[in-house]
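Trainee: Quick one: sequence plus predicted model below, questions after.
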Amino acid sequence: MLYVVIVYLWAAILLYLVMGGADFGAGIIEFFTSERNRKRTRKTLYQAIGPIWEANHMWLIIAIVILFVGFPAIYSTMSVYLHIPLTIMLLGIIARGTAFTFRHYDAVVDEMQTIYNRIFIWSSFITPLFLGIIAASAVSGHINPQATDFLSAYVFSWLSWFSVSVGFFTVAICGFLAAIYIIGETENELDKLRFRRKALIMNIAAVVLGAIVFVAAYFEGIPLLNWVFGNAVGVIAIAAATISLVLLWYLIDKGQTRLPRVLAGFQVTMILLTTTYRHFPNIVVLENGQYLSLLEHRGHDKTIEALGLALLLGSILILPALFYLIYSFQKKAASGIEH
Amino acid sequence: MDNLFAARSQMALSLGFHIVFACIGMVMPFFMAVAHFYWLRTKNILFKNITKAWSKGVAIFFATGAVSGTVLSFELGLLWPEFMKHAGPIFGMPFSLEGTAFFIEAIALGFFLYGWGRFNPWFHWVTGVIVGISGLVSGILVVAANAWMNSPAGFDYINGEYTNIDPIAAMFNDAWFSQALHMSIAAFVATGFAVAGVHALMMLKGKNIEFHRKSFKIAAIFGTVAALIQPLSGDISAKDVAERQPAKLAAMEAHFKTEKSAPLILGGIPDEENQKVDYAIKLSGFLSFLAHGDFDAEVTGLDRIPKEDHPPVAVTHYAFQIMVGLGMVMMFIAVLYLFSLWKKKNLLDQRWLLWLFVIATPMGFIAVEAGWTVTEVGRQPWIIHGVMRTADAVTPMPGIVYSFYIFTAVYLSLSLVVIFMLYRQIRMVDKLYDIPEEQHHLKR
Ligand code: HDD
Ligand code: HEM
Ligand code: HEM
């Protein structure tokens, strides 16, 4: 059952990265859209994301609940030493979620919209930035439980070149996911081209930032190269991601929209796989070289048992409904939304 | 402000904020389902318009409830890491089930909000009902988790170690039923009175009378029926508390001395220093009756409880008085309304009754906040009653006070925006919803 729980944790993080990521990316794309096209972009984005918006951010909650029920020591250590970035991310989530809803449900459309939009765009950028920072900090080995001063315990635990570059890399990935997703939602050729260009820019940004991550890791003594390329799974996953990227662009040029989405999701899966595979089961690395491990720092057996059952049971209820939701709105997206 | 106090304040602020949206998220779907049902049955377009007008408001509340709830699930660790480290695996069961309930709620909400005219109308109606049911279930589950903090169960605590963990037994602790029942009814009271109050005001203003009359009726019936039974459920809660948390009961009642046929204290100013209550009305024997169902029973006072285990008396006492007082007022209004409904009176001829509802608009929510203050402050100094002290659970990170200030600013501005948007929504009823024909294609 322990492994069932771990798989769910991993899957929840992945799904949050892919679905939530596309969602964040929508705001990032808007950020890079000229004033003239913003309105249309916004409408397309809303049609694509509106119906599944609530469901998207549930993945984060599932991951957190698994963490605090199943792996309380890991949850509380991260909560203590990454308090500041977690709080900033939360503020981002609040700002984004409310601004997104407010701008669509405000009964009067006036200059308040500008404020909602600005908040939405900025928080779409900040939230994944800090999400990346938090994830990177967990493994960067800068968390120091022995630290006695405020800065080394609560600030340098997350403020490092490595963490920040992973943060920006995450932002680029989100933008890429969103752009690829949206290509299929556009109604005319011009928009299609616009989003294709956005996707390309994001793709280049991701590659460049990815390289910067490796450089930062090198200078901070984090054996990232070894984690990624030091084992067969990592190498194969990276190769698969690269090949699928080529395929993705080929298909987009052929006018395909559905398959590229799957491929973009596949790439993110591969990236998460390489970075977590070598680490498993240690998901938090401390300054003194110790690890917090999913296998050792877990809750009691009975808890894990019950948690696993709850997750399995939940999926039986949730997954069919979720698929039907996505399916129905995909099919009917063309017919416009009345609500 | 020391770190512990800042953390407690931030927790109280976040929960106090979230609960408002949670109540509305749990209850409004049922109101909408009724209006929606009448629309499908009678094809009176007004009912469709009511459903839609409400669902717009609810979408705003849902989003705010969802983000503030997400914040809470992190705050448990950010503020109380020591608590979560030990409690997480024990009281986590309801949270993991709650995940499912939230998810179903979110999916059903997607169908409901975006599904107009796309699905079989009755399928669409059912998705709305599912939103309500899963909201209610998640409320019950999270309250079961809170009840565990009041009435720890499902583990043995030996020499500082938590062993023999049984998450199912922890979920079905002694307090879960009375708390979940009382909370669920409270949500209906609070939301019912709030919604009815707003529509009553609009009726008094003479605007869109039919629209507001129908909306008022749905909300008022739910709210008043719930208000009638709420004191009964409160009585169950009180007896429960008397049994498992005598210190909390004593603080609620400002009951300093253990005695037989203990008096019920109304009003008054508790004087913790001298262990007495000034200027209070005392109803002899009634506290014994409330707590134990017997006018002569002995009620434990604070004198039997070690000083270091006393909760803050004044806050708990005032909060309890506010909750019960407002409960009584709402019950009174409920009786008047149901009587006039039974007599088939026209409400517009009873403007005073509508005014009573307008005055009562915030009462339910004030009672909810007061009730939670009773529960949470009355549990102090424990975070897990009798097992772990709040002071031992708080995060070691200094400077929480700044995060408290930031969250205060954020929640304050969010509240303002939500109120502002609601105001605009109501003002737009004229243009958007009170049109007899189906000609309002909402464009944006
Ligand atoms: C509309 C709101 C509302 C109203 C009118 C009342 N309550 Fe209440 N009360 C709540 C809303 C609430 C609450 C917010 O929902 C609480 C907090 C925790 C809980 O389970 O319910 C609560 C808690 C609470 C507790 C503490 C339970 C615990 O700590 O486990 C007691 C003893 C009562 N209530 C008793 C009463 C009585 C005797 C009432 C008589 C009128 C009453 N309540 C009206
Ligand atoms: C008595 C207190 C609480 C009640 C009755 C309650 C109930 C609810 C309800 C009904 C919702 C749905 C929101 C909506 O529909 O608008 C909700 C949302 C949420 N609550 Fe609470 N809650 C309480 C406290 C908490 C606590 C302590 C936590 C965290 C540990 C929490 C976490 C959440 C989360 C994560 C959501 C968002 C779920 C979503 O996206 O729909 N809640 N809560
Ligand atoms: C939504 C309704 C709730 C409200 C309004 C509420 C209110 C409060 C208040 C006023 C405090 C501060 C007590 C003090 O400082 O003396 C507090 C503390 C706390 N509450 Fe609640 N509470 C609610 C539900 C819950 C639930 C459902 C949980 C957990 C599952 C919870 C967990 C806590 C924790 C961990 C603390 C901090 C420790 C403490 O001060 O006791 N609360 N809450």
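Mentor: Cool, the structure landed. Ligands and ions are numbered 1, 2, ... in the order given.
Trainee: need the contact list for the residue in the stretch 151-300 of chain B that ligand 2 sits nearest to.
Mentor: Proximity of the stretch 151-300 of chain B to ligand 2 (CB to the nearest ligand atom) peaks at B:Met183, 5.8 Å away. Where C-beta positions appear, they are placed from N, C-alpha and C, glycine not excepted. Shown in contact with B:Met183 (CB atoms under 8 Å, 6 or more residues apart in numbering or on different chains): B:Gly139, B:Ile140, B:Val143.
Trainee: Give me the local confidence score for the second one.
Mentor: Yep, that's B:Ile140 we're talking about. If you check B:Ile140, the pLDDT there is 92.
Trainee: do the helix or strand where B:Val189 lies and ligand 1 meet?
Mentor: Using DSSP states H and E, B:Val189 maps to helix B:176-204. Yes. For helix B:176-204, a contact with ligand 1 is found by CB under 6 Å from any ligand atom, at B:Gln179, B:His182, B:Met183, B:Ala186, B:Val189, B:Ala190.
Trainee: before we move on, the earlier item: may I see the contacts of B:Met183 organised as a markdown table, with secondary structure and distance to B:Ser403 added?
Mentor: A markdown table is the format used below for the contacts of B:Met183 (DSSP: H, G, I helix; E, B strand; the rest coil; distance: CB to CB, whole Å):
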| residue | secondary structure | distance to B:Ser403 |
| --- | --- | --- |
| B:Gly139 | helix | 27 |
| B:Ile140 | helix | 30 |
| B:Val143 | helix | 26 |
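Trainee: What number of neighbouring residues does B:Ala101 come out with?
Mentor: B:Ala101: 22 surrounding residues under other CB atoms under 10 Å in any protein chain shown.
Trainee: Isn't it up against B:Leu141?
Mentor: Yes. Between B:Ala101 and B:Leu141 a contact is recorded at 6.4 Å, counting by CB atoms under 8 Å.
Trainee: just to revisit the earlier point, now the contacts of B:Met183 in JSON lines, with distance to B:His317?
Mentor: Shown next, in JSON lines, are the contacts of B:Met183 (distance: CB to CB, whole Å):
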{"residue": "B:Gly139", "distance to B:His317": "27"}
{"residue": "B:Ile140", "distance to B:His317": "28"}
{"residue": "B:Val143", "distance to B:His317": "23"}
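Trainee: Now for the residue lying closest to B:Gly371 once chain neighbours are set aside, how many residues are close by?
Mentor: Using CB to CB, 6 or more residues apart in numbering or on different chains and skipping residues adjacent in sequence, the residue nearest B:Gly371 is B:Met323, 4.7 Å away. B:Met323: 23 surrounding residues under other CB under 10 Å.
Trainee: How about the secondary structure of B:Met323?
Mentor: Of the three states, B:Met323 takes helix under DSSP: H, G, I helix; E, B strand; the rest coil.
Trainee: Output the below-cut-off pLDDT ranges for the chain.
Mentor: Just going to use chain A. Applying pLDDT under 70 to chain A flags residues A:47-55, A:107, A:330-339.
Trainee: switch to chain B, that's the one I care about
Mentor: Residue ranges of chain B with pLDDT under 70: B:429-444.
Trainee: Show me the strands in it, by range?
Mentor: B:156-158, B:161-163, B:259-260, B:264-266, B:269-271, B:276-278, B:281-283, B:298-299, B:382-384, B:388-389 (DSSP state E).
Trainee: So which elements touch the third one?
Mentor: Spelled out, it's strand B:259-260. strand B:298-299 (3 or more CB pairs under 8 Å, 6 or more residues apart in numbering or on different chains; DSSP states H and E).
Trainee: Quick one: name the residues of chain B near ligand 2.
Mentor: For chain B, the contact set with ligand 2 under CB under 6 Å from any ligand atom comprises B:18-19, B:21-22, B:25-26, B:61-62, B:65-66, B:69-70, B:72-73, B:76, B:102, B:105-106, B:135, B:138-139, B:142-143, B:146, B:183.
Trainee: In helices, which of these appear?
Mentor: Within the residues of chain B next to ligand 2, residues falling in helices by DSSP state H are B:18-19, B:21-22, B:25-26, B:61-62, B:65-66, B:69-70, B:72-73, B:76, B:102, B:105-106, B:135, B:138-139, B:142-143, B:146, B:183.
Trainee: Let me know whether B:Val324 touches B:Gly234 as I believe.
Mentor: Yes. Counting by CB under 8 Å, B:Gly234 is a contact partner of B:Val324 at 7.2 Å.
Trainee: Of these two, give the one with the bigger neighbour count.
Mentor: Shown here are B:Val324 and B:Gly234; by other CB under 10 Å, B:Gly234 has more neighbours (22 against 19).
Trainee: surely that one meets B:Leu181?
Mentor: No. Using CB under 8 Å, B:Gly234 is not in contact with B:Leu181, being 9.9 Å away.
Trainee: which among the contacts of B:Met183 gets closest to ligand 1?
Mentor: B:Val143 (5.9 Å).
Trainee: Now for A:Asn56: which residues touch it?
Mentor: Going by CB under 8 Å, 6+ apart, A:Asn56 touches A:Tyr16, A:Met19, A:Gly20, A:Asp23, A:Ile49.
Trainee: Would you format the residues you listed as a markdown table with secondary structure, neighbour count and distance to B:Thr395 included?
Mentor: Formatted as a markdown table, the contacts of A:Asn56 follow (DSSP: H, G, I helix; E, B strand; the rest coil; neighbours: other CB atoms under 10 Å in any protein chain shown; distance: CB to CB, whole Å):
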| residue | secondary structure | neighbour count | distance to B:Thr395 |
| --- | --- | --- | --- |
| A:Tyr16 | helix | 21 | 25 |
| A:Met19 | helix | 21 | 31 |
| A:Gly20 | helix | 24 | 27 |
| A:Asp23 | helix | 26 | 30 |
| A:Ile49 | helix | 20 | 35 |
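Trainee: Could you export those residues as JSON lines, including distance to chain B?
Mentor: Converted to JSON lines, these look like this (distance: CB to the nearest CB, whole Å):
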{"residue": "A:Tyr16", "distance to chain B": "12"}
{"residue": "A:Met19", "distance to chain B": "12"}
{"residue": "A:Gly20", "distance to chain B": "11"}
{"residue": "A:Asp23", "distance to chain B": "13"}
{"residue": "A:Ile49", "distance to chain B": "11"}
